[in-house]
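In: Starting from these lines, generate the structure:
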Amino acid sequence: MVHVADLDDLRIFTKVAQFRSISQAARSLGMPNSTVSRRLSVLESKLGVSLLRRTTRRVTLTEQGREYFSHCKEPMTLLEDAEQTLTPATLIEEKELTCWFSVPSVAMFASKVGLLEPGAFPTLRWSLFCGEALSSTLATAWQAAANNSILENLYGPTEATIAITYYRWDQATSPAECVRGLVPIGWPFDGQQVCTVDDDLVPVPTGESGELCLGGSQVTRGYLNDPEKTAKSFVHLKHTQDQVWYRTGDLVRQDQRGCLFYLGRRDFQVKVNGYRVELQEIDLVLREAARTELAVAIPWPLSDGSASGIVGVLSGSDPVNDKQIIAACETRLPRYMVPSRLYHFPQIPLNVNGKIDRGKITEMLANWGR
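Out: The predicted model follows:
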């Protein structure tokens, strides 16, 4: 079986070839550092091209490449214009796409402008999402639009070569498996390992929550020219001293089947007036109350690096419904987690990877009304 995650590897490969520099490509892709990725050399040999050879947007695969990407039609079109992906209906129709791979935020925008009508994407055979938590509401809507498509939720950080686990969506059974309204991240690819640990890096019992650590051939050795950060993120667990594991900072729970359920990020846990708050938990309630996927909770206002409250930022919702939205949040959240105010943006800002940019939203709030 060819792991569909390798399509995103090809995007990284193309960026490196375009810039003729690993560091420039990493900046373009928004990587936190130039990550040492052994998969680049693997792609070189399998695709039959040189790493520093310039590639055009339209690429004809070699015999090796066709075998490696056996589920893709030849020639393959590589789309590097971010604006194209924000109008998927037009793009899918014009290019007769059979495989869609993006962050969920792109699907959120499609939903906002009414593009996810049932049967809207009949040509799609694969629908792949990675890079952000995928909500069950969005998965259900996309599956209805791409009714001939297999939908998979992929998970993995850059340090694990983009994607390392997968979960295949089933319209009949998957909605009941979702936790906090989020699609599970599933099982690791063949040959890769996952482990859920506590704060002391000790594995937790099945069913308990903890930080997800990753191991295996896809996990890089560390960060280029940054031994201090490498030592913090790449560790030895107490039960496997001979293996290096990457600490993701993601909180998960694993069931008896080995399926992983994403619960949130450690760095999305903030203190508000002395209470520990999970922002993604508020996100979920806010999106359901506002009936839009483009809704995020932001710690605000800030003072000396800490927040004294929570506000909601929405796109695609009518301000006349603000009181009802906040009232709906009050029925499901503790008082200290309920947004005190809602802000309406024409568009939710995204970072270079197409993910919702909370930092940019905070900057925009700071300039609000000036």
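In: what about Ala141, how many residues close to it?
Out: Residues near Ala141, counting by other C-beta atoms under 10 Å, number 20. C-beta coordinates here come from the backbone N, C-alpha and C atoms, glycine included.
In: Mind listing the residues bridging to Leu314?
Out: According to DSSP bridges, the partner residues bridging Leu314 are Ala295, His344.
In: Next up, the contacts around it.
Out: 286, 290, 292, 294-295, 342-345 (C-beta atoms under 8 Å, 6 or more residues apart in numbering).
In: One more pass at 6 Å, please.
Out: Contact analysis of Leu314 by C-beta atoms under 6 Å, 6 or more residues apart in numbering lists 290, 295, 342, 344.
In: Roughly how far does it sit from Leu294?
Out: 7 Å (C-beta to C-beta, to the nearest Å).
In: Other residues contacting the top strand by length along the chain?
Out: In the chain, assigned by DSSP state E, the strand with the most residues is strand 240-254. With C-beta under 6 Å, 6+ apart as the contact definition, strand 240-254 has outside contacts at 157, 159, 196, 209, 212-215, 219, 233-235, 237, 260-266.
In: Contacts made by stretch 215-222 with the rest, please.
Out: Outside stretch 215-222, the residues within contact range by C-beta under 6 Å, 6+ apart are 35-37, 159-161, 164, 191-193, 230, 234, 243, 245-246.
In: Confidence-wise, which of those residues comes last?
Out: Least confident of those in the model: Val36, at 30.
In: follow-up on the earlier one: using neighbour counts, trim the contacts of Leu314 to the buried set.
Out: Among these, those that count as buried by neighbour count (16 or more other C-beta atoms under 10 Å) are 290, 295, 342.
In: now those in TSV, with distance to Ile282 and pLDDT?
Out: Output for the buried ones among the contacts of Leu314, formatted as TSV (distance: C-beta to C-beta, whole Å; pLDDT from 0 to 100):
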residue	distance to Ile282	pLDDT
Ala290	12	94
Ala295	9	93
Leu342	12	96
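In: sorry, back to before: biggest separation within the contacts of stretch 215-222, which pair?
Out: Greatest spatial distance in those: Gly191 and Thr230, 22.7 Å, computed using C-beta to C-beta.
In: I'd assumed Met337 was in contact with Glu330.
Out: No: using C-beta atoms under 6 Å, Glu330 makes no contact with Met337, being 9.7 Å away.
In: what's the overlap in contacts for the two?
Out: Taking C-beta under 6 Å, 6+ apart as the criterion, Glu330 and Met337 do not both touch any residue.
In: between those two, which one's more packed in?
Out: Set Glu330 next to Met337 and count neighbours by other C-beta under 10 Å: Met337 wins out with 19 against 15.
In: in the stretch 201-350 of the chain, which spans are strands?
Out: 209-216, 234-237, 240-254, 260-265, 269-272, 275-278, 295-299, 302-303, 306-307, 310-314, 342-344 (DSSP state E, counting those that start in this stretch).
In: and the longest strand of the chain with strand 209-216, angle?
Out: Between strand 240-254 and strand 209-216, the angle comes out at 130 degrees (axes from the mean of the first three to the mean of the last three C-alpha atoms, to 10 degrees).
In: Could you pull out the helices in this structure for me?
Out: Using DSSP state H, the helices of the chain run over residues 6-19, 22-29, 39-47, 63-68, 82-85, 88-95, 104-112, 136-145, 174-177, 227-233, 279-290, 322-330, 358-366.
In: same question for the first one, mean pLDDT?
Out: Regarding helix 6-19, the rounded mean pLDDT is 50.
In: Stretch 211-227 now?
Out: 91.
In: Now for Arg358, how many residues are close by?
Out: There are 18 residues near Arg358, going by other C-beta under 10 Å.
In: typo on my end, it should be Gly114
Out: As a burial measure, Gly114 scores 10 neighbours (other C-beta under 10 Å).
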